[in-house]
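Visitor: Kindly return the folded structure for what I paste below:
(4 chains)
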Amino acid sequence: MTAKNYAKDYKPMDLLAVAAAKEVEDGDVVFAGTGLPMLAILLAQLTHAPSAVCIYEAGTVDGRAPDIPTSVGDARCAYQASIAAGLTETFYGSLHSGYVDLAFLGGAECDKYGNVNCTVIGDYRSPAKRFTGSGGNPDINSFARRTVFIMVQEKRRFKEHVDYITSPGWRIPKWPSGEYVPKKEVYGKFYKGGPVAIISNMAVFRFDEDGIMYLDTVHPGFTPEQVKDNCSFDLNISRCRGETETPTVEEIEILYNKVDPEGIFLP
Amino acid sequence: MTAKNYAKDYKPMDLLAVAAAKEVEDGDVVFAGTGLPMLAILLAQLTHAPSAVCIYEAGTVDGRAPDIPTSVGDARCAYQASIAAGLTETFYGSLHSGYVDLAFLGGAECDKYGNVNCTVIGDYRSPAKRFTGSGGNPDINSFARRTVFIMVQEKRRFKEHVDYITSPGWRIPKWPSGEYVPKKEVYGKFYKGGPVAIISNMAVFRFDEDGIMYLDTVHPGFTPEQVKDNCSFDLNISRCRGETETPTVEEIEILYNKVDPEGIFLP
Amino acid sequence: MGVPKKITLKEAAGLIKDGDMLTFSGFTIWRRPMALIYEIVRQGKKDLHLFEVNGGTHTEVLAGAGCVKIWESSWVGHELYGKVGECLGRGQVEGKIITEDYSHAQCVARILAGAYGLPFFPTALSMGTDILNPEFDMLKRAGLRDGSNPKIPQKKYEIVKDPFYDMGELLLMPAVNADWALIYASQVGTEGTVRVFSQTYTDTEVIKAADKVIVLAEEIVPETYIRQEPEKNIAAGFAVDYIVECPWGAHPTGSQFFYDVDADFTREFYKASKSQEAFDKWAEEWVFGVSSHEEYLDKLGMTRLMKLKANSVMGYSTTVKRGTR
Amino acid sequence: MGVPKKITLKEAAGLIKDGDMLTFSGFTIWRRPMALIYEIVRQGKKDLHLFEVNGGTHTEVLAGAGCVKIWESSWVGHELYGKVGECLGRGQVEGKIITEDYSHAQCVARILAGAYGLPFFPTALSMGTDILNPEFDMLKRAGLRDGSNPKIPQKKYEIVKDPFYDMGELLLMPAVNADWALIYASQVGTEGTVRVFSQTYTDTEVIKAADKVIVLAEEIVPETYIRQEPEKNIAAGFAVDYIVECPWGAHPTGSQFFYDVDADFTREFYKASKSQEAFDKWAEEWVFGVSSHEEYLDKLGMTRLMKLKANSVMGYSTTVKRGTR
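Guide: Predicted coordinates:
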């Protein structure tokens, strides 16, 4: 193995895609959504994880189109796929069935337990603003063994309490009482795992033994303190390992020439 | 319409197939098993019910093979079928979903409520003899709007109490107590219908308002009293309408030349 | 039940009554019965109750036109071409549209139960979320869970314990059986057998779960052809009530092997969807300003549509410009 | 998880331990993994726990050879070629085989639950039958519902009330997750994608529901070929653990588009199955008397097998004599 040839020029988006791709282990069954998750899984397949398999929730398993899909429901997802079926297959036959190792997800807000909101701003009953709604986010997050969130870092997005828990982190309400308990207590023997990382435009976060978020690495150009300042909750920065590894020339080359040559997600 | 040209020569099996075919109404969605039911539905499609549709529980809908299937799992069932899928489709997507109008079923024993046994002789817990087991008989019988049983007439088969209720008639045990109640009480709003006829080698039976079997017609060559003698329970023969209509020359011709030219079920 | 009846788009929309519950084929911006959606708007249907596994451009057109009273779903947006559902969001914020949120897979559970004639379907997905917060049961808050509307279950969900293997708690999700399934399908046989290309999404389940089914067919093909590969079909003729032959009937949403999503059209719509005034103007041009689906296609024009046309081997357009390079 | 491992029939059977729970592909006398069944008998496996949606010739071979301890299913027989399961029946009457009866669709519910990782699946089918008689719960009578065997649910079924639409009572059926799914498939891609021709029976669900999966492939084909029509495939490579390439591996059961059921062979077997002595003689000849699947095929002979060969257009043999005319 030769020394890595790091790229001098790269965009924040490139770093995110590369950092996300590193979360993929070879052989993983990955549930991915539109956008950055697609870049990450495709890059991983073309580098260190050639036998990782990608499931798109609209119904396809391991598609191999020469052109990157624009959405998970795209015809491109089905090209040279192993399976083209529907949501019953992906959500129940694959996810609920226990096959999924890793998933990439997004969100508008998160708290320190990795609870994520992608539903509303304000009081749910009379919201100030609606987002898209949950989609498959909480489904995938509840049953994949490892999930990785990709989010925009802002103080108002990394919150003490999210306005609405769309997707379950490590401490969640157990209904009907709504008491907050560890995820395992809600999921019983269905428990498989949960969020292992959040990748923002400033840093990579992971979760400690108590399911509390801490700073793992900062992206070049940022300091741990800056990251802490961009969280509303008291972020643990004591475990920071240093800087996030930057993209190599080869990774950038693959991203721009093989994964997204049309410039759909990497303009 | 010209007068019917009744066949002078026919076998008991022919009469059964013709009588069963008459239970099919045009446009019916029919669930059929191997053997006589296949003859009946195919004959019906070639005569008065061209748009009846046949579902075989192994996974096909409305197959149109030039050759009669030997079993419901046969490759022949899938030829020019509308759907070739599996048992989830037929049992849940078709039957439980409420599409099935009519079904043909068999059994080793029945009682006057149309409860049918195709599981054991003797005490279930230490049986003297096992039959095939239920197969889809009780499933289909519980959810088709009308079911027709085709059975061998013997005193020991038309019983006061069957050794085991494999398939639910009009008065059935409601568990966990096991109290006998009308079918509607067990099935609640799932209730759709139940057995409307039993066709034996001696007669056609139907069910009265209380779900009790009565003699409807006797096949030529038998008297109502003979039929009654071949039942262990006290058969109501007061409503007998006369003789079962016999096969026409055309029906025999279709059965032997179009439906089963190979002589599989009509040797 | 016989062969489904062939009718026109206008007749199809005419069958739907104010207040009816609708559900749809497709996925976000793919295979939506758009031509019928436009006609429903033209005919001014009101108070519609939508259940959909996920929403998309069709939802926004209906919501923008003021046709929607209740929306039960998990998601709405236009994927890359418009991040959120602005019309629906406006209706929700203004309190004009009652929203009942479920997760995506919980919606699948609901439609599966409906398809199979079951009152519920179990799932352990998305427990521990505010989707299950009893305070956020909006149909209950609106007093609509009293059993008087047969299309609204008496509870949003139920928590039960596994009695068999001590797995713990899981959820039962109530069935959905809409009055109407509005389906866009790739091909329909002359006797009504339905086929969709590539992913099936939840189309199979949606058809089975509805009381009545209208299918917009991109093509009507010989029944003997569609039966040569019965494993590719999703519904038999007896499961369909009405058929409308309607090429390009899914535009601006995409249809695998026929045409891609019209990204520019969708972006333009999304821009318009951000205010009621702009939406109304858009609708005046693209819905009320054309009297038929054919006029709509002519207005779009051949050049534009040919760019979207799918390559017949790949299943998607290889000529449409998608990105910046 | 990567690509499934290619192994031999002997290795495949060697993986199965005494007492393991097995389930199978196919339907009655179609697409059963017969070559592997024979090898399991040759290797003298004992105390097997079978769950199958329905039984067939393979069940009878295992039961006759004394391999079966528990049988949970709905049906056993050889269709037209042998009306009941004589070997299994003998084991049941003699009390050597514990039988748990479910209806056919209840078995489907059980395997569906297993496939979807659910502890149960609801059904309203076959209520009011002796299948539900608490006195006839044979695993409970045998003391096996105490939770100590993770493959045996603590209850045979559960009765629940619909909380959503007041439909009344219905049943919950416990999941099945066997140790092994033994599958015969028409084609498997070089990376493990599985396809079966014509009806899929419950093969899709059986694969998903089992802890480990062995697939006997009639043919191994290029992965790029099998992915040209992904809508026809039933499982991805990551769902399969082992593959054995084994042409004619389903004989004497049938395989759509490859060969018909061997009616004469099955009738002969059925005759032999009626007494233990005759069965033993049959097994001496057809199971223990041949050392490999190839030897078994040679013993059957080319003439016989060619009669069974399917017409490639129709999917079934058009030359085999089926009836009396």
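Visitor: residue ranges for the strands of the stretch 51-200 of chain C, please.
Guide: Along the stretch 51-200 of chain C, counting by DSSP state E, counting those that start in this stretch, strands occupy C:68-73, C:98-101, C:120-123, C:158-161, C:169-174, C:180-189, C:194-195.
Visitor: Same list (those) but as CSV, adding distance to residue A:35, mean neighbour count and mean pLDDT.
Guide: To be clear about C-beta, it is placed using only N, CA and C from the backbone, and glycine gets the same treatment. Output for the strands of the stretch 51-200 of chain C, formatted as CSV (distance: least, C-beta to C-beta, whole Å; neighbours: other C-beta atoms under 10 Å in any protein chain shown; pLDDT from 0 to 100):
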stretch, distance to residue A:35, mean neighbour count, mean pLDDT
strand C:68-73, 21, 23, 98
strand C:98-101, 22, 22, 98
strand C:120-123, 26, 26, 98
strand C:158-161, 34, 15, 98
strand C:169-174, 28, 23, 98
strand C:180-189, 26, 26, 98
strand C:194-195, 31, 26, 98
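Visitor: Nearest to chain D, out of the ones you listed?
Guide: For chain D, the closest of the strands of the stretch 51-200 of chain C is strand C:169-174, at 3.9 Å, according to C-beta to the nearest C-beta.
Visitor: now the closest one, how far from the centre of its chain.
Guide: Its chain's average C-alpha position is 24 Å from that of strand C:169-174, according to C-alpha atoms, centre = their mean, to the nearest Å.
Visitor: before we move on, what about stretch C:29-41?
Guide: On C-alpha atoms, centre = their mean, the centre of stretch C:29-41 falls 8 Å from that of its chain.
Visitor: I'd like the mean pLDDT over it, please.
Guide: The average pLDDT within stretch C:29-41 is 98.
Visitor: if we can go back for a sec, mind putting the strands of the stretch 51-200 of chain C into a markdown table with distance to residue D:283?
Guide: Shown next, in a markdown table, are those (distance: least, C-beta to C-beta, whole Å):
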| stretch | distance to residue D:283 |
| --- | --- |
| strand C:68-73 | 59 |
| strand C:98-101 | 61 |
| strand C:120-123 | 43 |
| strand C:158-161 | 47 |
| strand C:169-174 | 45 |
| strand C:180-189 | 49 |
| strand C:194-195 | 47 |
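Visitor: give the contact list for residue A:172.
Guide: Contacts for residue A:172 (C-beta atoms under 8 Å, 6 or more residues apart in numbering or on different chains) come out as A:113, A:115, A:165, A:180, A:181, A:183, A:186, C:127, C:128, C:129.
Visitor: Surely the third one touches residue A:118?
Guide: Meaning residue A:165. No. Residue A:165 is beyond contact range of residue A:118, at 10.3 Å (criterion: C-beta atoms under 8 Å).
Visitor: count of neighbours near the residue nearest to residue C:107 when sequence neighbours are not counted?
Guide: Nearest residue to residue C:107 in three dimensions, chain neighbours excluded: residue C:53, at 4.3 Å (C-beta to C-beta, 6 or more residues apart in numbering or on different chains). Applying other C-beta atoms under 10 Å in any protein chain shown, we find 32 residues neighbouring residue C:53.
Visitor: again with residue C:300
Guide: 18.
Visitor: Mind checking if stretch C:268-279 is in reach of chain A?
Guide: No. Against chain A, stretch C:268-279 shows no contacts by C-beta under 8 Å from any C-beta of the partner chain, the least distance being 12.3 Å.
Visitor: Let me see the ranges of the helices in chain A.
Guide: For chain A, the helices defined by DSSP state H occupy A:12-21, A:36-46, A:75-78, A:87, A:137-143, A:183-187, A:224-229, A:249-254.
Visitor: Using TSV, please lay out the strands of the stretch 51-200 of chain C together with distance to chain A.
Guide: Putting those into TSV (distance: least, C-beta to the nearest C-beta, whole Å) gives the following:
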stretch	distance to chain A
strand C:68-73	7
strand C:98-101	6
strand C:120-123	7
strand C:158-161	7
strand C:169-174	6
strand C:180-189	11
strand C:194-195	13
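Visitor: With residue D:63 as the reference, name the closest of those strands.
Guide: Residue D:63 sits nearest to strand C:120-123 of all the strands of the stretch 51-200 of chain C, at 33.6 Å, using C-beta to C-beta.
Visitor: for the closest one, packing partners?
Guide: Helices and strands touching strand C:120-123, by 3 or more C-beta pairs under 8 Å, 6 or more residues apart in numbering or on different chains; DSSP states H and E, are helix C:104-115, strand C:169-174, strand D:120-123.
Visitor: Recalculate using a threshold of 7 Å.
Guide: Judged by 3 or more C-beta pairs under 7 Å, 6 or more residues apart in numbering or on different chains; DSSP states H and E, strand C:120-123 is in contact with helix C:104-115, strand C:169-174.
Visitor: That one pairs with which strands?
Guide: strand C:169-174 (antiparallel) (DSSP bridges).
Visitor: residues near residue 15, how many?
Guide: Reading this off chain A. For residue A:15, the number of neighbouring residues by other C-beta under 10 Å comes to 22.
Visitor: Chain C is the one I meant
Guide: The local packing of residue C:15 (other C-beta under 10 Å) involves 14 other residues.
Visitor: Next: residue C:61.
Guide: Using other C-beta under 10 Å as the criterion, residue C:61 is surrounded by 25 other residues.
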